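Visitor: Got a sequence here, can you build the structure:
(2 chains)
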Number of protein chains: 2
Amino acid sequence: MRGPAKTQLSKVIFAIAGFDPSSGAGATADLKTVAALGGYGVACLTALTVQSTQGVRRTESLPAWLVRETLIALAEDTPPAAIKIGMLHTAEVAEAVAEFLAGWREVPTVLDPVLRSSSGAELLDAGGLAVMRQRILPLVGWVTPNLAEAAALSGREVGGPEDIPNAAAELRRLYPQLNVVVTGGHLAKPDDYFLRSRGSGGEGVWIQGEKINTTSTHGTGCAFSTALAVSLAHGAQPEEAVRAAKDYVTGALLHSPGIGRGRGPIGHLWRVGTSSE
Amino acid sequence: MRGPAKTQLSKVIFAIAGFDPSSGAGATADLKTVAALGGYGVACLTALTVQSTQGVRRTESLPAWLVRETLIALAEDTPPAAIKIGMLHTAEVAEAVAEFLAGWREVPTVLDPVLRSSSGAELLDAGGLAVMRQRILPLVGWVTPNLAEAAALSGREVGGPEDIPNAAAELRRLYPQLNVVVTGGHLAKPDDYFLRSRGSGGEGVWIQGEKINTTSTHGTGCAFSTALAVSLAHGAQPEEAVRAAKDYVTGALLHSPGIGRGRGPIGHLWRVGTSSE
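Guide: Below you'll find the predicted structure:
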């Protein structure tokens, strides 16, 4: 009788995120990303959506007690080596997540500060934004806003790449422990800007990106922040982790499964070479 | 500027299933299975659970209208090449799924008739079992019960392998269109029994399994039924599809990520060779 060949345990990554039935974004996309990068992903859902590649039709809240109970059950059994936080949806759920994070300060945490879907749906209410600012951003080690999110969180206008360093600096002034990556995937030159936490010193750096000619861009932000969390769980240095996450997303954009009539999903499993994803 | 290298579209597999935060079973495990086997999975959640490798702590129903709306949104955008059905939980959700299946008779459908978790939690209520018998089993092409499920659905006692052919024959008598695979993973000799639908003729065959020495067996039924659906979507012949699904699960049992204190997950991505899963 054979037994498992494997002896090394996988690193467990927590994905705290919404549910997207089309699996281009949200918790299930995060789990595919984690699996593709050699970790083991578990997930706590914060909200349900009805969506396809054609956009978000509906978002349904989940009760904060369910989020709390899920995070406790998971952490008791499979403690996190890193935590990725995506859509939070409501103030109550954001509070539950903040409470949880307070108990895991030593673990790398990446907040993808999701405010709105690419199709325009609001994914965090006003109370939730306040909780994100006051309780979550002071607790996490990393934040990965796109341009609109960087503007909303920093209070600075971000019209183009020239405004990004100021917005990132303002975010780090407000939260000195924060490593900031402003993702520029929507820019003509899709470079990311990385500013390390105040303690680590140093200037911001631009991480060069490659523009990929595709309409399958649904969930790139989810994939980037999750890939970053996996790299950090595996012990990567900060800049190395950012570059690895950017490379992962570029490859996934090049290997889309080609489904759907709208903004299709990226190919989360491209690096491990299944025939399609 | 580069564009995607891929030109062949992926086959879309629908996973209609519950949500397991530990991702050993349910919709997220199904999506990993589909991805590992080269399809693209989308998911409609039927219920939420709080669980870890140590068992199911709670199950929460989802409203049937949400299931209906999700299935419609997905089918309009990414029509299924195969459908896998797992946990249904309530009669109302089972009705919504039956309505949906009625519109997709030409697509391979695999029902994993989940009644109870390995930890003993009831995952389908009495009304749901009635809907499964009366409305879903007449519509699906495949059913993959374990011994207890085969007994419950056929009304025959199944104490050991010698009782399986009778139970399978009774199921096929009740539902002549049904291909029946009784999964024997819990047996000392873990062989599956495969009986083709009445129209295809032929005797039942035993598909030999290999006993793997592991406690990481959470979600083997989900993985088997999903792998079967992916093979059918890709055009495999019936017996070939059953054998491929069995081989997939055997490999996944040998490559567990080794996490959790209870019945750990299997290694869904073993065949594509990530470092852990």
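Visitor: number of nearby residues for A:Met1?
Guide: 7 (other Cβ atoms under 10 Å in any protein chain shown). (Glycine included, C-beta is placed from N, CA and C.)
Visitor: In chain A, which residue is most central in space?
Guide: Closest to where the C-alpha atoms of chain A average out (Cα atoms, centre = their mean) is A:Ser225, at 3.2 Å.
Visitor: wait, doesn't that residue sit right on A:Val110?
Guide: Yes: A:Ser225 is within contact range of A:Val110, at 5.0 Å (criterion: Cβ atoms under 8 Å).
Visitor: which residues in the stretch 101-250 of chain A form strands?
Guide: Ranges of strands in the stretch 101-250 of chain A, per DSSP state E, counting those that start in this stretch, are A:109-111, A:142-143, A:179-182, A:192-195, A:205-207.
Visitor: Could you name the helices and strands sitting against the shortest one?
Guide: When contacts are defined as 3 or more Cβ pairs under 8 Å, 6 or more residues apart in numbering or on different chains; DSSP states H and E, strand A:142-143 packs onto strand A:109-111, strand A:179-182, helix A:220-233.
Visitor: Which single residue of the stretch 101-250 of chain A approaches chain B most closely?
Guide: A:Asn213 (3.9 Å; Cβ to the nearest Cβ).
Visitor: ok, back up a step: so can I have TSV of the strands of the stretch 101-250 of chain A showing mean pLDDT?
Guide: TSV is the format used below for the strands of the stretch 101-250 of chain A (pLDDT from 0 to 100):
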stretch	mean pLDDT
strand A:109-111	98
strand A:142-143	98
strand A:179-182	98
strand A:192-195	98
strand A:205-207	97
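Visitor: and of these, who's closest to A:Tyr40?
Guide: With Cβ to Cβ, the closest approach to A:Tyr40 among these belongs to strand A:109-111: 16.7 Å.
Visitor: Against which helices or strands is the closest one packed?
Guide: strand A:82-85, strand A:142-143, helix A:220-233.
Visitor: that older thread, ok, the residue of the stretch 101-250 of chain A closest to chain B - how many residues close by?
Guide: 10.
Visitor: Check the one 3 residues further on too.
Guide: In terms of burial, A:Ser216 registers 26 neighbours under the definition other Cβ under 10 Å.
Visitor: gap between the residue of chain A most remote from its centre and B:Glu162?
Guide: Taking Cα atoms, centre = their mean as the measure, the residue most remote from the mean C-alpha position of chain A is A:Met1, 41.7 Å away. Per Cβ to Cβ, to the nearest Å, A:Met1 is found 23 Å from B:Glu162.
Visitor: What residues does A:Asn213 make contact with?
Guide: Neighbour list for A:Asn213: B:Met1, B:Arg2, B:Gly3, B:Pro4 [criterion: Cβ atoms under 8 Å, 6 or more residues apart in numbering or on different chains].
Visitor: need the helices for the stretch 101-250 of chain A, in chain order.
Guide: A:126-131, A:147-154, A:164-174, A:220-233, A:238-254 (DSSP state H, counting those that start in this stretch).
Visitor: so the third one versus helix A:147-154, what angle?
Guide: Comparing the axes of helix A:164-174 and helix A:147-154 via axes from the mean of the first three to the mean of the last three Cα atoms, to 10 degrees yields an angle of 40 degrees.
Visitor: just checking, what packs against helix A:164-174?
Guide: Counting by 3+ Cβ pairs under 8 Å, 6+ apart, helix A:164-174 packs on helix A:147-154, strand A:179-182, strand A:192-195.
Visitor: Let's have these in JSON lines, adding mean neighbour count and distance to B:Phe194.
Guide: What follows is the helices and strands packed on helix A:164-174, written out as JSON lines (neighbours: other Cβ atoms under 10 Å in any protein chain shown; distance: least, Cβ to Cβ, whole Å):
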{"stretch": "helix A:147-154", "mean neighbour count": "20", "distance to B:Phe194": "52"}
{"stretch": "strand A:179-182", "mean neighbour count": "27", "distance to B:Phe194": "51"}
{"stretch": "strand A:192-195", "mean neighbour count": "22", "distance to B:Phe194": "52"}
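Visitor: is it possible to export these to TSV including distance to A:Trp206?
Guide: Conversion of these to TSV gives the following (distance: least, Cβ to Cβ, whole Å):
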stretch	distance to A:Trp206
helix A:147-154	14
strand A:179-182	10
strand A:192-195	6
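Visitor: can the ones you listed go into CSV with extra columns for distance to chain B?
Guide: CSV is the format used below for those (distance: least, Cβ to the nearest Cβ, whole Å):
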stretch, distance to chain B
helix A:147-154, 20
strand A:179-182, 22
strand A:192-195, 18
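Visitor: how about the ones you listed, which one is nearest B:Ala96?
Guide: helix A:147-154 (35.9 Å).
Visitor: can you list contacts of that closest one?
Guide: So helix A:147-154 is contacted by A:113-116, A:129, A:132-133, A:137, A:143, A:145, A:156-158, A:163-164, A:166-168, A:170-171, A:174, A:182, A:184, A:186-187 (Cβ under 8 Å, 6+ apart).
Visitor: now do 6 Å
Guide: Contacts with helix A:147-154, where a contact means Cβ atoms under 6 Å, 6 or more residues apart in numbering or on different chains, come from A:Pro113, A:Leu115, A:Pro145, A:Val158, A:Ala167, A:Glu170, A:Leu171, A:Val182.
Visitor: do the same with stretch A:161-172
Guide: Here stretch A:161-172 has contacts from A:Ala150, A:Ser154, A:Arg156, A:Val158, A:Leu178, A:Val180, A:Val182, A:Leu187, A:Tyr193, A:Leu195, A:Arg198, A:Gly204, using Cβ under 6 Å, 6+ apart.
Visitor: State the pair within those residues that is farthest apart.
Guide: Checking those with Cβ to Cβ, the most distant pair is A:Leu187 and A:Arg198, at 26.0 Å.
Visitor: any idea how far stretch A:217-234 is from the chain center?
Guide: Relative to the chain's own centre, stretch A:217-234 is displaced by 5 Å; criterion: Cα atoms, centre = their mean, to the nearest Å.
Visitor: want to throw the contacts of helix A:147-154 into JSON lines with distance to B:Ala121?
Guide: As requested, the contacts of helix A:147-154 are exported to JSON lines (distance: Cβ to Cβ, whole Å):
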{"residue": "A:Pro113", "distance to B:Ala121": "36"}
{"residue": "A:Leu115", "distance to B:Ala121": "37"}
{"residue": "A:Pro145", "distance to B:Ala121": "40"}
{"residue": "A:Val158", "distance to B:Ala121": "49"}
{"residue": "A:Ala167", "distance to B:Ala121": "48"}
{"residue": "A:Glu170", "distance to B:Ala121": "49"}
{"residue": "A:Leu171", "distance to B:Ala121": "44"}
{"residue": "A:Val182", "distance to B:Ala121": "45"}
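Visitor: Spell out which two among these are the most distant pair, please.
Guide: Top of the distance list for those (Cβ to Cβ): A:Leu115 and A:Glu170, 16.9 Å.
Visitor: Please pull up the helix or strand immediately following the lengthiest strand in chain A.
Guide: Secondary structure of chain A per DSSP state E: the longest strand is strand A:40-52. Heading C-terminal from strand A:40-52, the first helix or strand you meet, by DSSP states H and E, is strand A:55-61.
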